[in-house]
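Trainee: how would this look folded up:
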Amino acid sequence: MENTSNMNCHESKFTDQNGNEQTIKIPVVQDLARFNNLPRNFIHNPAQTHPIPPNTSFHAIDMAKLRDNTGRVSELEKLARVCREWGMFIIENHGLDPRVVEDVKRVVKGFFELPFEEKKSSVGTYMNADNMGYGRLLARSADQPVDWIDRLTMKAAPKGATDGLNVWPNNPSNFRSVIERYVKAAREVMDELLQALAEAISVDRREFLQYFDPETSDINVRVNCYPPCPRPDLTMGISPHSDISTLSFLMQCGSSNGLQVCKNNQWLTVPWPCNKLVVNLGDFIEIMSNGRLKSSLHRVVTQSDKDRYSVALFYNPPAQAEIGPVKDGESIEEYKTVVVDEYRKHFHKVSPSATKEAMMFAKKN
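Mentor: This next block holds a predicted model:
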């Protein structure tokens, strides 16, 4: 392996088994992309990818049909089935202005094309502020495999959540205004989907939405960059995990062949065109629905010849909110009531994992 000692690096802190704080330095993946091999700590030996079986359909949900009484019933039935079987779906006719979406892609690429020192000086890194800032890496040990990713994380809601924190880039100069305009429009779609998901499993339409007060609910924005990788067979863009969210709202640009979902113990590449948006169900909606809607176990793989960027919005109730399974008078409760922030802390202790291990925290014995 080529010498990486003089490379730009991100830092990550963790507490070792003796209670001592340790710091590890992780080379920035954009610098590593010019080499032919990977540093040892980037090697994962990922499980094999399988083609989607010929008779398997990855569905798109048509928001126009959910808004129109003519096709609403059948689209709700499809929504329930897709969320039970996949926990992830493409959305069509969502109503977002294409110009807003293109503006987001433009500023995201603009940020990651900046020199490392400019990115680093423009945005801080906050170890104890919900993983905000540029280059924040979660490590639990010095020998934990590292993902092939560079990332920027901001909190777009509630208002004032990042006051005093330097988490919004100065360059591109319109970065924050573009992202906030997109978040506002996406939030309206997510609120629609929360109501449709409740109706799809035959509970009150506001069953899930009741947790999302417009003034206090939480939206984290994570922007990911995956540069070309010299050995995509040996590493991961993002390790297997389920999302610590209620809904995750995803867009991508560059390459369109990175996201994979685990179904029937096989990793399948999601057929996701760059001009489409994807919604991923997180752990909280599985808890709220008493398991009738499933969060997806997913991962991101790398590619040898293309850059890929993605933008994920994670939509959640306030940190101190208590969430629990819907009570329909018929089903046995499989999940207990949890505090959002307590679940989040547990999640970070055990994730990433090849199974949805964090969900055991919310399962009833």
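
Trainee: Check the gap between the residue nearest the centre of the chain and M132 for me.
Mentor: Centroid-nearest residue in the chain, with CA atoms, centre = their mean: A312, separated by 5.1 Å. Distance of A312 to M132, computed by CB to CB, to the nearest Å: 14 Å. C-beta here means a position set from N, CA and C on the backbone, and glycine is covered the same way.

Trainee: In which helix or strand does the residue nearest to the centre of the chain reside?
Mentor: Using DSSP states H and E, A312 sits in strand 308-316.

Trainee: Direction included, what does that strand pair against?
Mentor: Applying DSSP bridges, strand 308-316 is found paired with strand 218-226 (antiparallel), strand 247-254 (antiparallel).

Trainee: list the contacts for the nearest residue to V104 once chain neighbours are set aside?
Mentor: The shortest distance from V104 to any residue other than its chain neighbours is 4.9 Å, reached at Y182 (CB to CB, 6 or more residues apart in numbering). By CB atoms under 8 Å, 6 or more residues apart in numbering, the contact set of Y182 is 96, 100-101, 103-104, 311.

Trainee: Show me what stretch 192-211 is in contact with.
Mentor: Contacts with stretch 192-211, where a contact means CB under 8 Å, 6+ apart, come from 63, 66-67, 76-77, 79-80, 83, 91, 191, 212, 217, 246-247, 279, 285, 288-289, 292-293, 317, 321, 323, 326, 328.

Trainee: Can you pick out the ones from those that are in helices?
Mentor: Using DSSP state H to define helices, the subset of the contacts of stretch 192-211 located there is 63, 66, 76-77, 79-80, 83, 191, 285, 288.

Trainee: Just the buried ones from those residues?
Mentor: Among the ones in helices among the contacts of stretch 192-211, the ones that count as buried by 16 or more other CB atoms under 10 Å are 63, 66, 76, 79-80, 83, 191, 285, 288.

Trainee: Low-confidence stretches in this structure?
Mentor: Low-confidence segments of the chain (pLDDT under 70): 1-5, 49-57, 125-131, 136-139, 164, 329.

Trainee: Show me where it has its helices.
Mentor: For the chain, the helices defined by DSSP H cover 29-32, 63-66, 72-85, 98-112, 116-122, 175-200, 283-288, 340-350.

Trainee: Just name the most buried of the ones you listed.
Mentor: Counting by mean count of other CB atoms under 10 Å, helix 283-288 has the highest mean neighbour count of the helices of the chain, with a mean of 26.

Trainee: Which elements pack onto that helix?
Mentor: When contacts are defined as 3 or more CB pairs under 8 Å, 6 or more residues apart in numbering; DSSP states H and E, helix 283-288 packs onto strand 322-323, helix 340-350.
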